[in-house]
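A.B. asks: Kindly return the folded structure for what I paste below:
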Amino acid sequence: MALVWQPQEAAYLQLCQLLSDFQKPGANQALILQQLDQARHVADFNNYLSFIFSKGDNLPMEVRQQQQQRRQQQQQQQHFILLVRQSAGLLLKNNLKEQYAGLSEDFRNYIKGDLLHVLCHPERVLRHTAGSITTTVVGTLGLSGWPELVVWLGASLQGSGDSAALDGALDSLAKIVEDHPHEMDTRLVGASWGPAPAPVSNMLVPPLLALLGSLAAEVRRRALAVLNEMFGQMPAGFQAALPQYTEAVFKLATDESPGVRREVCIGFCQLIAVHPELLQAQLPQLVEYMLVSNQDADDEVALEAAEFWLAFCESDLGMELLVPVMSRLIPVLMKNMVFDEYDEEVQAAEEAELQQGQPDSEKDIRPTHAKHGKGRAEGGMMDGAANGEDEEDDGDDDDEAMRVWNLRKCSAAALDMLSNHLNDEHVLPLLLPIVQQRLGEADWRVRESAILALGAVSEGCHMGLAPYLTDMVKMLLPVLQDPRPMDPRPMVRIITCWCLSRYVQWVLMPPGSAEIAPGALLRRVAPENEALFEQILAGLLSRVADGNGRVQEAACSGLAELLEHAGACTHGAVLVPRLQPLADTLSKAAASCGRRNLRIVLEAVSTTCSVVGSRVLSQHPAAVQQLVVPLLNRWQAIGFVERDVVPIMEALNNMSVNMGPAFEPYAQAVFEKGVMLLQLQQEARAAQLAGSASSYDIDLHMAALDMLAGVADGLRASVEPLVAAASPALPALVLAACGDSASDVRQSAFALVGDLAKSCPSHVLPRLDEFVKLSLACMEVPALTEPNMPSANNAIWSLGELMIKANPATLAPYIVRVCEAAATPLMGGVRVSRSLQENAAISLGRAAMVCPDQVAPLLPHFLGPWCNALRNIRDDYEKEQAFRGLVAVVHKTPEPAVTAFPAFASAVTSWRHIQDEALAQALVQLLRYLHDGVGTEAWGRLVASLEPAVRSKLEGMCR
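C.D. replies: Residues are numbered from 1 along each chain as shown. Coordinates of the predicted model:
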């Protein structure tokens, strides 16, 4: 019999003291966190955390003595103990994300037992922290590894415990269903389920349905919320109970609790999206119910009711059901589109209006991260605990609060969706009188809602609004134009920027044109429409220079949309005559904007370069100088290694790619900065790994790699002198980054390897052996996890770029391992992204192109999956290279192509147009070669087995 784990008193006391010291005012929290992080490597450290979390009612006295006043001491002690215990729980949760799978079975069971104990603890904050840890464990084990939890959940939901157990069960189950919805279909065997395996949902859905009749409104709400969350996965037990669920939701429709009614509205939205047939008989009554709920005094109920119109439009139900209520629905939506009196977004814009010319405060500045590193930063191990908050109640960033989804925005989205699904005559006659009336109102909030409505219907009603387009644009432009905007309220200027940008695509469409798909290429823009476009551009540019940062932000977003439409509709030609004022305004904004808006201003600069293109920019060096120099000056002013340089580096990366040769006058300064910063970050990284004090910043590390890759991609062969001047240090730095433990760093590093291989291979091929090994390490099956997918994708892509530049004799020793690695994502044994499959297929083709003799014998192992991947790749030069390899190896080993003929034929016929005429001829010759090899009769049977479309195209190629 295994001994039950028991803590050692000295270690227990030491950990209690660390956790309690962390809570004390003035504590050196960084040092404590470092000590706790070092302790993570102790085998039973998580057991100690679990012990303190679950059995910490009797923490050591020195932890309790925080107050001298005897009367207050007990309350303060209990509160402090809760904070310490919750801190232990949060640290345990974060540790288990990475370590639970590697714990011994005894330690796992110990922690699971503690969690079941805390899930019904009298203190809510501990129960809910236990729920968060529980879902973390389920994410590793699955419910099949913890059937005792399912039994406990079922029993607690059925009321066999007290109210605390019910609360803990609802909380933990809600988190499990949200984080791991597929676990509800886990099949278990045992006394609780019967002799046959049964899904977990069979046991848990019935008691949840029973709780919908609870006398406690909060219990009804939470039980319904859990059931609503199951719609995403639709587990078997819930699917079977949908009729009972639907009946229960209808019964709760008039519940006195707004929280319950909110969940009712959510449930109806889910049903109409997934199983509308269950509502078919009551649809007219349901539409009326939602119309009433859309006017509920509780904004959250009204918001979820507004979501119903979105769900209805996306369903297969006939829109004719909504036509009779449109005369009542549009006024309701318009009423809900008016800003609340105390809306935080309004307050922020008005505050910014008063603070024009002042530096941005720290609270207004968004955290700056290199863009492709999303999801990298995790919350602190004790987020919220220091303030006694529930672990799950993380405070939103102020800026995110400005973008919260609310009733106003949902109502506008519903109007947008309705206008796209109903004819103009069902919307505009009802909407335009309201808009016209509101535009003349004294209350700016009412005027703003009218402009919001015009923007919302810009897509769906553009044909009906075409006769009014010019007048409408000219009516709105004075809101933006200098010397002083017509409307001084910032939110009116903000919404006008957005609204006008929504109509740009229709302004660029010649008047009287038949309706065409948005973004379709136009040969010519009518002169009067081009003049209107110029006025919109001028209006937006005037607001890019607005002293109110919130208005400037909206103007940059609107300008970006205008630029994209100009690119899609005219290939940027409409911008060429206006490049100078565009560059002038963006140059001044980039030099003077506050820190908060720096990224969005620079995104507008990057979009301009992308749309206008390198050919035009090469002819306008003055405009290029205006766009680039302010960024270099700002970098110099900010400081070399400050976090605020990340968006500048991202912009220089994008600009170098899109400017191409036009960027060359500035390339040396940018490249040298990038190499220097890469050197500093690599040294800081080494110090960090050695446990020394370090200023390492992963975002700066990634941004430096990305910027260097951008310069190499933009300049191509012209980058060679810059790389030569930075060698041999640069290849060594890139190699180190390719082997970094952080997936995001590897992703950026391998992107740079690929661009260097394309531009100046002589500087990376001498270290081919090391690059190949690091690339193959990323492609090993244990490494192909979801967080590692982007770095694996770039690793296999860069390996393909290296191979086509390498000497075949040098490459030959690696070919078998390269083919095995590239084939792994294609075989279906591991779940990978489509991008990784495509790049693996291309690299496999490049290996075959360079070393066909070594690859051909391996063909039987992967030809079918390889061809299946090749057929899904868009036509481009990389696909052509892959097919050259395919042709070469099938000529040498034709039998696998016959065995996997349907996949092979689908790949060969997947082309729309092959640019390389020699390749096109080679494919035809390969088909004839296969035909001659098997004979006419067998060939006929092979072709007859194909799908009709593939057969027809193949026969056309063989004629």
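A.B. asks: would you list every one of the helices in the stretch 801-950 of the chain?
C.D. replies: For the stretch 801-950 of the chain, helices defined by DSSP state H, counting those that start in this stretch occupy the ranges 808-811, 815-823, 834-850, 852-855, 863-870, 877-892, 895-899, 901-908, 917-934, 936-944, 948-958.
A.B. asks: State which helix of the chain is the longest.
C.D. replies: Longest helix in the chain, counting residues (DSSP state H): helix 70-99.
A.B. asks: Check the offset of it from the chain's centre.
C.D. replies: Computed by CA atoms, centre = their mean, to the nearest Å, the separation of helix 70-99 from the middle of its chain amounts to 33 Å.
A.B. asks: Which among the helices of the stretch 801-950 of the chain is found nearest to S411?
C.D. replies: Between S411 and the helices of the stretch 801-950 of the chain, the tightest spacing by CB to CB is seen for helix 834-850, at 36.1 Å. No exception for glycine: its C-beta is placed from N, CA and C like everyone else's.
A.B. asks: Show me what that closest one is packed against.
C.D. replies: Packing contacts for helix 834-850, counted by 3 or more CB pairs under 8 Å, 6 or more residues apart in numbering; DSSP states H and E, involve helix 789-805, helix 808-811, helix 815-823, helix 852-855, helix 863-870, helix 877-892.
A.B. asks: Find the nearest non-adjacent residue to G845, please.
C.D. replies: A882 (2.6 Å; CB to CB, 6 or more residues apart in numbering).
A.B. asks: Quick check: that neighbour vs D255, distance?
C.D. replies: 60 Å (CB to CB, to the nearest Å).
A.B. asks: can you redo the helices and strands packed on helix 834-850 as CSV with distance to Q688 and mean neighbour count?
C.D. replies: As requested, those are exported to CSV (distance: least, CB to CB, whole Å; neighbours: other CB atoms under 10 Å):
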stretch, distance to Q688, mean neighbour count
helix 789-805, 19, 25
helix 808-811, 35, 14
helix 815-823, 30, 20
helix 852-855, 41, 20
helix 863-870, 39, 24
helix 877-892, 37, 21
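A.B. asks: Can you lay out the ones you listed as TSV showing distance to R595 and mean pLDDT?
C.D. replies: Formatted as TSV, those follow (distance: least, CB to CB, whole Å; pLDDT from 0 to 100):
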stretch	distance to R595	mean pLDDT
helix 789-805	28	97
helix 808-811	48	94
helix 815-823	44	96
helix 852-855	53	96
helix 863-870	45	97
helix 877-892	40	96
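A.B. asks: closest one to R615 among the ones you listed?
C.D. replies: Across those, closest to R615 is helix 877-892 (CB to CB), at 19.4 Å.
A.B. asks: quick check: angle from that closest one to helix 789-805?
C.D. replies: 60 degrees (axes from the mean of the first three to the mean of the last three CA atoms, to 10 degrees).
A.B. asks: Could you check the angle helix 877-892 makes with helix 901-908?
C.D. replies: Using the same axes, to 10 degrees, helix 877-892 lies at 140 degrees relative to helix 901-908.
A.B. asks: Now do helix 877-892 against helix 917-934: the angle between them, please.
C.D. replies: 30 degrees.
A.B. asks: between helix 877-892 and helix 834-850, how many degrees?
C.D. replies: 50 degrees.
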